[in-house]
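Participant: could you work out the structure for the sequence below:
(4 chains, ligands or ions: 6)
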Amino acid sequence: MRNDLPVMCSILKRVEYGATAASLTIQYPCQFQPGQFIMAWIPGVDEKPFSISRHNPTAGTIELTVKRLGPVSAHIADLTVGDRVGIRGPYGNPFNPQADCVIVSGGVGLAAVAPLMEMFPNAPALYGENSSTQIMLADRFPRMRIFTMDGSAGEKGFPTDPLPEILAARKPKVVYTCGPEVMMAKVARICHDAGVAGQISLERYMKCAVGVCGQCCMDGERVCVDGPVFDSERLLKGKDFAFRGLDKSGTWVYKAQPE
Amino acid sequence: MRNDLPVMCSILKRVEYGATAASLTIQYPCQFQPGQFIMAWIPGVDEKPFSISRHNPTAGTIELTVKRLGPVSAHIADLTVGDRVGIRGPYGNPFNPQADCVIVSGGVGLAAVAPLMEMFPNAPALYGENSSTQIMLADRFPRMRIFTMDGSAGEKGFPTDPLPEILAARKPKVVYTCGPEVMMAKVARICHDAGVAGQISLERYMKCAVGVCGQCCMDGERVCVDGPVFDSERLLKGKDFAFRGLDKSGTWVYKAQPE
Amino acid sequence: MTSSQSRDSLLRTDLFGRTLTSPLILASGILGTTKSLLKRLGEIGAGAVTIKSISVAPRAGHPNPTVLSFGPGMINAVGYSNPGLKKACEEYADLSDVACPVIGSLIGTKAEEFAQVAAAFSLLDFAAIEIPISCPHTPGYGKLARQDTPEAVLEILSIVSGETDKPLFIKVPAAAQNLSELVDASDQGGAAGITAVNTIGPGMLINIDARRPYLGFGIGGVSGPALKPLAVSATYAINEQAPHLPIIGTGGVMNGRDAIELIMAGATGVGMGTAVLDRGIEAFAVIADEMAEWMRDNDISNLNEIRGAAHAK
Amino acid sequence: MTSSQSRDSLLRTDLFGRTLTSPLILASGILGTTKSLLKRLGEIGAGAVTIKSISVAPRAGHPNPTVLSFGPGMINAVGYSNPGLKKACEEYADLSDVACPVIGSLIGTKAEEFAQVAAAFSLLDFAAIEIPISCPHTPGYGKLARQDTPEAVLEILSIVSGETDKPLFIKVPAAAQNLSELVDASDQGGAAGITAVNTIGPGMLINIDARRPYLGFGIGGVSGPALKPLAVSATYAINEQAPHLPIIGTGGVMNGRDAIELIMAGATGVGMGTAVLDRGIEAFAVIADEMAEWMRDNDISNLNEIRGAAHAK
Ligand SMILES: Cc1cc2nc3c(=O)[nH]c(=O)nc-3n(C[C@H](O)[C@H](O)[C@H](O)COP(=O)(O)OP(=O)(O)OC[C@H]3O[C@@H](n4cnc5c(N)ncnc54)[C@H](O)[C@@H]3O)c2cc1C
Ligand SMILES: Cc1cc2nc3c(=O)[nH]c(=O)nc-3n(C[C@H](O)[C@H](O)[C@H](O)COP(=O)(O)OP(=O)(O)OC[C@H]3O[C@@H](n4cnc5c(N)ncnc54)[C@H](O)[C@@H]3O)c2cc1C
Ligand SMILES: Cc1cc2nc3c(=O)[nH]c(=O)nc-3n(C[C@H](O)[C@H](O)[C@H](O)COP(=O)(O)O)c2cc1C
Ligand SMILES: Cc1cc2nc3c(=O)[nH]c(=O)nc-3n(C[C@H](O)[C@H](O)[C@H](O)COP(=O)(O)O)c2cc1C
Ligand code: FES
Ligand code: FES
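Facilitator: Ligands and ions are numbered 1, 2, ... in the order given. Below you'll find the model as predicted:
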């Protein structure tokens, strides 16, 4: 069996996005495919999954982009250069990268698709936030179309708004998406209607990240190893997508239903 | 750490030498260098070290040549085609093979040097037994000089008798020897006097065969991993060679002194 | 003739009054969080599946990291996270679409809790109930609550069997000094069998750069290859002592040879957990294939022919 | 400044009233059969060496195989083979040419035997005496004779300390349910420290083709990487409970990081056995180098700075 214990890694760089989020560049040489995630451990606190938002194999670094949502994410987003964080991974079943694509993200879901946006700079990239203060990675991706609900930056509305039109016009091979599950459900249905494949990166509460504990179950699949990237058609056929997930105790928590 | 558990292996062939000994060909693909040994396990009985007397890498076989001395060796020598025996190894520090050599063996010590005799068919090979009924491997090595104490076969006397003369005549680079320790002590002194290097394969009671249990100790070295092949000069400088060895309990047993 | 025998006919195993298609049983705490996972495991070919242990009240478990692979095995301190009895009864209310028998795993800190879970489980379609008295890392339960004594086993069995007629399996600790007493107590208390073993612990690993234990809870239990010798030894000893008690031998089974090893030690069922990490969720099919192949190669047509075969005659 | 500190000054360790050049101590039963081996280990740089355990009468031990490497660790059932007290006293009569302190390991089946070995050892130049009450596979000794109870520990300590003033170390079992009681008893009985841990067992591995346990004795104890979590956990717990008792943390140390891990758990000395298989007899030098390198990289100038560092504050 492999030794897969978290390794303490130094933060080399830190970029802040308003008060809500930060990107951290971390020394952690590894193999990586877009869509994969690592487990980040704050000793004595907790350990949670985070997407790799950028990989630099030459420098041996990864970047995490973390939104402050609760104590763990806040702790990680607060790490400064020279601090160390425990890392294990990467884990998970990646996106199947195809150049002829459209990329849709919402909130910190941007982190998961950022490596695809870097790989395919010419693909349309739609990214939504509630408001201008939350916008991340704008310097890195100057060409992405930004949507805010309050119209305080970019276009007003949801990143899914122009999607049917774009699909009709470009007929891409695939749509990649990561973000709030209501948003992804919308993407899935739009893809279905347009006859375009969708690849959806899901989030569930994770413990082991290696397919053993059953914590991240949805529709009998394990998001950590069978996912996090799933075919949208497969998700639409199941019953848990955009419907429910297990909390820490293994109790089903029901999600806000897609309108 | 390696998995080094004995594997049950089939006996493919069996050759008997009078009532005292037998050679067994065993299916056991492995890497091997002359001088190395394996541990042979009879489940429910015991496990003991035996030299590999022949290695056929193409067929994936090894041959053991076993003299009936006690219950374990008798049990192994009695195995017949189709029986299985547990094997782990090969173990030990091999001979350093040089073509310009002389090979001296006594009794079942022949097993340890047989691969060298095969490798260097033109090197003088001297082999001694008490009497004709004990002679082994004579078909495989028709050119070896056989000595018996009772003169019932080959030349009468010890295989060490002509050694000083041969060394003086050929000035070989090295003498290889395996056999009773009194004989090997004689070889060591003859080599020393002639200024020729000697490589001596020792036997000690072994348990682990991997350098851990301390059972096979002599002069602070472990015969199983530091040996079984030692430089004769190194042995002459120590105090345990041809003097004593540990028995099963770890008690020193003193050997018959070389005359 | 044997050499063409089907996997199912080679591996068919009678346990707790059911006939399993394979002796390979999902161990408790691995994947057994939802019915959808049990269903998937049944389709893959597990002989039976055990649910993650259930307590009366929901438990969030220990903070992460809770499960880590460290080379010789895994170390875990999940801390019995579970949704509690009420939600579990909803989840497992209808097990008809799980293709194999389901074993309920029941935990409690005191008499009323054992009784309550047992009574509720009794109404569900569980083929058997397993009672771990042996967890090395959850306060209030198992070893940390000294449930691993013969007295505690007798008491728990008497409470539980007062509430249900289902076959009861006591899950014993690894390397237990008092194993024979625990087996006696299980037998006297009317257990239908023994699951041997739980993880070995308490164990701890420290990240020296962080100067902290890796596990959120600090201590945990070791499973996987590191545990196998303890599982084989316990199975062998229990089978020697109480040959009439079926054993679910559990610990470190990673391939078909390991499974056969536990059966030769005397196991009837073979629990597997950590194998899912190394061999994937398909382990229950792949390892069954490996067992069948070994059996065909060795002219064994039924596991009964080799059960306990390693015992000195 | 620290970054150029010598290995010896980094690793210097005070234990049983002696100053060791390194905390790395040869564990009992590995290589400690002859004075010539102890001498070699001292030259290589072991901080101290423990002899193979000695009983009054010679013991041939269990039949072979007695020591096997199985991947996650080693399993052994040597069975306390030893030449007996008389021969041992001859072998160890003069230890002046062993460059490091030598620890005598003492076993017995009854009071007179403990007394006899202790009295004889008292006259030898041992720096300390270790008493394993924890062997999982030798009838008459350790766990198989229930020497792993607080009562037995108190009795053995009172007998042995009646015969010798040497510092006494009680060697405790791995994953002991009663560890805290054993530590209390050791402390009350006047032990100078604890060695934690012995091999975990009973363990068994079966060769399914032979249909037989691999070990000649059937059952044995597991050492090496599989054991490390149990050694770390025991060391941590003992240090938490009795911070005044020095601990020789032993189990699964294979490299410098493992040794530091035990020290952060609270160990003063670090026992090593199985490492000799993987890292060679030079392990005592190589692993000391690895420790020193980590210390320099982390600006640690003395092991006291990190001893017990993993404990929750
Ligand atoms: C595969 C995977 C990849 C992930 N990648 C990233 C990433 O790149 N960047 C990142 O910041 N996070 C990512 N996450 C989420 C991350 O693991 C944590 O769940 C998140 O940071 C919240 O953790 P916390 O402990 O700080 O907050 P918690 O204490 O868990 O939650 C605090 C509050 O936030 C709410 N909350 C938690 N998660 C969400 C959510 N996703 N959407 C809306 N509300 C939420 C909770 O309900 C709660 O009210 C990923 C998760 C998965 C499974
Ligand atoms: C590295 C190594 C390689 C070996 N290679 C071979 C080999 O190729 N073939 C082989 O047959 N044996 C070989 N041996 C010896 C073998 O391991 C056994 O020791 C031997 O077979 C006797 O074992 P036993 O249990 O049958 O007899 P035991 O019960 O150990 O001994 C029976 C009787 O024979 C005596 N005896 C034991 N060994 C010897 C000996 N070497 N010389 C004289 N008397 C002895 C004993 O004192 C006793 O009286 C080797 C040993 C070592 C250490
Ligand atoms: C992550 C994890 C969680 C576990 N949870 C439980 C549990 O809830 N109840 C239980 O009885 N055993 C639990 N166990 C123990 C397993 O059921 C099993 O006895 C042990 O892991 C040994 O089997 P393995 O080596 O095949 O994993 C758990 C083990 C692991 C690895
Ligand atoms: C081959 C072998 C023999 C052992 N013999 C003894 C012994 O005689 N006395 C003893 O106290 N411990 C004995 N032990 C236990 C070791 O001293 C040590 O506690 C254990 O091996 C764990 O350390 P390790 O993982 O570094 O090997 C033995 C261990 C092995 C592997
Ligand atoms: S997080 Fe454990 S199975 Fe996915
Ligand atoms: S036989 Fe064990 S050290 Fe050589």
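
Participant: where does the stretch 1-150 of chain A get nearest to ligand 4, which residue?
Facilitator: Nearest residue of the stretch 1-150 of chain A to ligand 4 (Cβ to the nearest ligand atom) works out as A:N3 at 16.7 Å. For the C-beta atoms, the positions are set from N, CA and C on the backbone; glycine is no exception.

Participant: and for that residue, the neighbour number?
Facilitator: The criterion is other Cβ atoms under 10 Å in any protein chain shown. On that basis, A:N3 has 11 neighbouring residues.

Participant: next one: it from chain C, what distance?
Facilitator: Between A:N3 and chain C the distance is 4 Å, computed by Cβ to the nearest Cβ, to the nearest Å.

Participant: got it, and A:P142?
Facilitator: Shown here: A:P142 relative to chain C, a distance of 37 Å by Cβ to the nearest Cβ.

Participant: can you list the weak-confidence ranges in the stretch 201-313 of chain C?
Facilitator: Within the stretch 201-313 of chain C, the set of residues satisfying pLDDT under 70 comprises C:313.

Participant: helix/strand/coil for the most centrally placed residue in chain A?
Facilitator: Per Cα atoms, centre = their mean, the C-alpha nearest to the average position across chain A is that of A:A112, at 3.2 Å. Put simply, A:A112 is helix when judged by DSSP: H, G, I helix; E, B strand; the rest coil.

Participant: surely it meets A:G35?
Facilitator: Yes: applying Cβ atoms under 8 Å as the test, A:A112 and A:G35 come out as touching, 6.3 Å apart.

Participant: between the two, what contacts are shared?
Facilitator: Residues within reach of A:A112 and of A:G35 at once, by Cβ atoms under 8 Å, 6 or more residues apart in numbering or on different chains, are A:51, A:201, A:228.

Participant: mind putting those residues into CSV with distance to C:K110 and pLDDT?
Facilitator: Putting the shared contacts of A:A112 and A:G35 into CSV (distance: Cβ to Cβ, whole Å; pLDDT from 0 to 100) gives the following:
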residue, distance to C:K110, pLDDT
A:S51, 44, 98
A:S201, 44, 98
A:P228, 40, 98
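
Participant: mind listing which of these are in strands?
Facilitator: The strands in this structure, assigned by DSSP state E, contain A:51, A:201 from the shared contacts of A:A112 and A:G35.

Participant: and which of the shared contacts of A:A112 and A:G35 is nearest D:H311?
Facilitator: Using Cβ to Cβ, the shortest approach to D:H311 within the shared contacts of A:A112 and A:G35 belongs to A:S51, at 34.4 Å.

Participant: and that closest one, how close does it get to A:G107?
Facilitator: 12 Å (Cβ to Cβ, to the nearest Å).

Participant: okay, and the beta partners of C:V67?
Facilitator: According to DSSP bridges, C:N76 are recorded as the beta-bridge partners of C:V67.

Participant: hang on, isn't it packed against C:G73?
Facilitator: No: counting by Cβ under 8 Å, no contact exists between C:V67 and C:G73, whose distance comes to 11.3 Å.

Participant: tell me which of the two has more neighbours.
Facilitator: In this view C:V67 and C:G73 are compared by other Cβ under 10 Å, and C:G73 has more residues nearby, 30 against 25.

Participant: what's the nearest residue to that one if we skip its chain neighbours?
Facilitator: With Cβ to Cβ, 6 or more residues apart in numbering or on different chains as the measure, C:G224 is the residue that lies nearest to C:G73, at 3.1 Å, once sequence neighbours are left out.

Participant: can you give me the helices in the stretch 151-259 of chain A?
Facilitator: In chain order, the stretch 151-259 of chain A shows helices spanning A:163-170, A:181-194, A:232-237, with DSSP state H, counting those that start in this stretch as the criterion.

Participant: summarise which helices and strands the second one is packed against.
Facilitator: Under the contact criterion of 3 or more Cβ pairs under 8 Å, 6 or more residues apart in numbering or on different chains; DSSP states H and E, the helices and strands touching helix A:181-194 comprise strand A:101-106, helix A:163-170, strand A:174-178, strand A:197-201, helix A:232-237.

Participant: and that helix with strand A:174-178, angle?
Facilitator: Counting by axes from the mean of the first three to the mean of the last three Cα atoms, to 10 degrees, helix A:181-194 points 170 degrees away from the direction of strand A:174-178.

Participant: do helix A:181-194 and ligand 1 meet?
Facilitator: No: judged by Cβ under 6 Å from any ligand atom, helix A:181-194 makes no contact with ligand 1; its nearest approach is 8.4 Å.

Participant: tell me the secondary structure for C:L230?
Facilitator: The three-state label for C:L230, taken from three-state DSSP, comes out as helix.

Participant: ok, and does the helix or strand that contains C:E112 reach over to chain A?
Facilitator: For C:E112, the element it lies in under DSSP states H and E is helix C:111-122. No: against chain A, helix C:111-122 shows no contacts by Cβ under 8 Å from any Cβ of the partner chain, the least distance being 15.2 Å.

Participant: mind checking which helix or strand the closest residue to A:D83 other than its chain neighbours is in?
Facilitator: Closest residue to A:D83 in three dimensions, ignoring its sequence neighbours and counting by Cβ to Cβ, 6+ apart: A:I11, at 5.0 Å. Assignment of secondary structure by DSSP H and E places A:I11 within strand A:7-17.

Participant: taking the stretch 51-200 of chain A, what residue is nearest to ligand 2?
Facilitator: Closest contact between the stretch 51-200 of chain A and ligand 2, by Cβ to the nearest ligand atom, is at A:R88 (44.8 Å).

Participant: assign that residue to helix, strand or coil.
Facilitator: Classification of A:R88 into helix, strand or coil gives strand, according to three-state DSSP.

Participant: gap between it and ligand 6?
Facilitator: For A:R88, the distance to ligand 6 under the criterion Cβ to the nearest ligand atom, to the nearest Å works out to 38 Å.

Participant: repeat for C:S22
Facilitator: Plainly put, C:S22 is 41 Å away from ligand 6 if you go by Cβ to the nearest ligand atom.

Participant: now the nearest residue to A:F120 once chain neighbours are set aside: how far from ligand 3?
Facilitator: For A:F120, ignoring the flanking residues on the chain, the nearest one in space by Cβ to Cβ, 6+ apart is A:A99 at 5.2 Å. From A:A99 over to ligand 3 the distance is 40 Å, taken as Cβ to the nearest ligand atom.

Participant: give me the pLDDT value at A:A99.
Facilitator: pLDDT recorded at A:A99 is 96.

Participant: run a quick neighbour tally on it.
Facilitator: Close neighbours of A:A99, defined as other Cβ under 10 Å, add up to 12.

Participant: circling back: tell me the contacts of the residue nearest to the centre of chain A?
Facilitator: Counting by Cβ under 8 Å, 6+ apart, A:A112 has contacts A:35, A:37, A:51, A:53, A:105, A:178, A:201, A:228.
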